[in-house]
Structures are given as structure tokens and as C-alpha cells.
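# Could you look at this predicted model? Sequence included:
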Amino acid sequence: MSPVLYLASASPRRRELLAQLELPFELVLPQVEERRAPHEAAADYVRRLARDKALAGRAMAPRPLPVLAGDTIVVVDGEVLEKPVDRADGLAMLSRLSGRSHLVMTAMALAHRGGCELTLVTTEVTFRALSASDKARYWASGEPADKAGGYGIQGLGGRFVSRIDGSYSAVVGLPLVETEALLQRAGILPR
Ligand SMILES: Cc1cn([C@H]2C[C@H](O)[C@@H](COP(=O)(O)OP(=O)(O)OP(=O)(O)O)O2)c(=O)[nH]c1=O
């Protein structure tokens, strides 16, 4: 089937989630710098990155189709935790998350018809207390390295999650209900 949409993402998780919406899509892989501006609020930052990815994707898309992109960040005490840069950073992130709640923000942007529509989904995730060996073994698994906040709820990190209040698919990287609604509003999916 010919594609109706591009997904501007290198994330296999976003690809798998979008496939659950059952529409034919292809990938574009724009390079967007992810750096928070001083004093930029977390919600503004995640929205800006999603928009930058969608617009950069549209600029390189081979056909004039809508382009969907997303970004996920973890926020604790107003501080943004992105992907850990090394082991020490990864362990420090897990310590920050241990025994308490944090927010996961995922923004999705759809560039189409000369504009860009955005949706932001915030989910509260609670971790049980983590021991030093929980953290060391989890880092050694390799799973945290490419994930915002240094964990994956869909993988080994799921064992740390005692509670989730909001959208599970948003925490993984693409909120299914809100993305479907975005695509419906744009006339890309039937209502
Ligand atoms: C909190 C959490 C994050 N993540 C992932 C989702 C995202 O892929 C990643 C956050 O990084 P992002 O910068 O949002 O995305 P990405 O660089 O992986 O992919 P792209 O920009 O090409 O679309 O962390 C999980 O997989 N599980 C989780 O529980």
C-alpha cells in the first residue's frame, strides 16, 4: 500500500506503536539537535523538539505527505532527564527516580498543509525504591542507555514501576489515543 504519512523517527518503539494505528507509513530520519534553552520550561522544550523533528522531516520527505514526529522526556522536580550520557549519569538518574513519582512528557507533532499541529501527553509514573544492586544490574543490561530518564517501562525497567497514572504508550514514546485523534483531526485516519 502506498504511504499516507511519514514518521520522522529512528526509534523502533515509535515505529511499532504507530503500526498499531494501521495506516501505511514510511520513515524519514532527520537530524535534530536536542538541547534545552536556558529557562525553557519542560513542556515547551518537548513540544519544540517534536515540532523541529516534524518540520525537519517534512523538509527532507521525498513526497508531499504529512510528517509525524515525537519527543519524550522525563521530568523530576522540574528538571528534565534526557538520555544518560554515561554510566554515572544513568545511575544518578535511577537514584533520582527511586521510591517516588515523576512525569513523562511525550509531545507529538504533525506537519501538514503548511502548518504543524501538536499534542502533549503527560503521565505520572511511580518507582518503588531501588537498591544499589538494582541500579547497577539494570545499567549493565544496556537497556537504559538510549532511553529518556534512563529506563524503559516496556522492558526490564518495568519491574521498577509500582504505579502509572496516564498513558502507557506515551511513556514508551507514542501516545496511541492522542495520536489517533491528531491524525483523525487532520483527515489522515477515518473517525
Ligand atoms: C521513559 C521511557 C522512555 N523511552 C524512550 C522513548 C524514546 O525513544 C526515548 C526518548 O528519546 P526521544 O529523543 O524522544 O526519541 P529517540 O531519539 O529515541 O527517537 P527519535 O527522536 O528518532 O524519534 O526514550 C522508552 O522507550 N521507555 C520509557 O519507559
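Looks like it arrived, so ask away.

# sec struct for residue 130, please.
Judged by DSSP: H, G, I helix; E, B strand; the rest coil, the three-state class of residue 130 is coil.

# quick one: which helix or strand includes the nearest residue to residue 94 once chain neighbours are set aside?
Spatial nearest neighbour of residue 94, chain neighbours left out: residue 135 (4.4 Å); criterion: C-beta to C-beta, 6 or more residues apart in numbering. Every C-beta, even on glycine, is put in place using the N, C-alpha and C of the backbone. Taking DSSP states H and E as the criterion, residue 135 maps to helix 132-140.

# For the protein, which residues are neighbours of the ligand?
Within the chain, the residues that sit near the ligand (C-beta under 6 Å from any ligand atom) are 9-11, 13-14, 53, 70-72, 74, 104, 147-149, 151-154, 171-173.

# Mind giving me the PyMOL select for those, buried ones only?
PyMOL command restricting the residues of the chain next to the ligand to the buried ones, with burial defined by 16 or more other C-beta atoms under 10 Å:
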select buried, resi 9+11+13+14+53+70+71+72+74+104+147+148+149+151+152+153+154+171+172+173
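
# Next, the buried residues of the helix holding residue 135.
134-135, 138-139.

# quick one: contacts for residue 134?
Contact analysis of residue 134 by C-beta atoms under 8 Å, 6 or more residues apart in numbering lists 94, 160.

# Helices - which of the residues of the chain next to the ligand land there?
Cross-referencing these against helices under DSSP state H gives 13-14, 53, 171-172.

# Spatially central residue in this structure, please.
The centroid of the chain falls nearest to residue 72 when counting by C-alpha atoms, centre = their mean (2.8 Å).

# separation between that one and residue 22?
Separation of residue 72 from residue 22 (C-beta to C-beta, to the nearest Å): 22 Å.

# Wait, residue 7 touches residue 69, no?
Yes: the pair residue 7 / residue 69 is scored as a contact, 7.3 Å apart, by C-beta atoms under 8 Å.

# Need the distance between the two termini of stretch 167-187.
23 Å (C-alpha to C-alpha, to the nearest Å).

# Name the surrounding residues that touch that stretch.
Applying C-beta under 8 Å, 6+ apart, the contact partners of stretch 167-187 are 5, 11, 13-14, 17-18, 20-21, 23, 66, 68, 70, 72, 104, 106, 108, 110, 112-113, 117, 119, 121-123, 125, 152-154, 164, 189-191.

# Cheers, nothing more for now.
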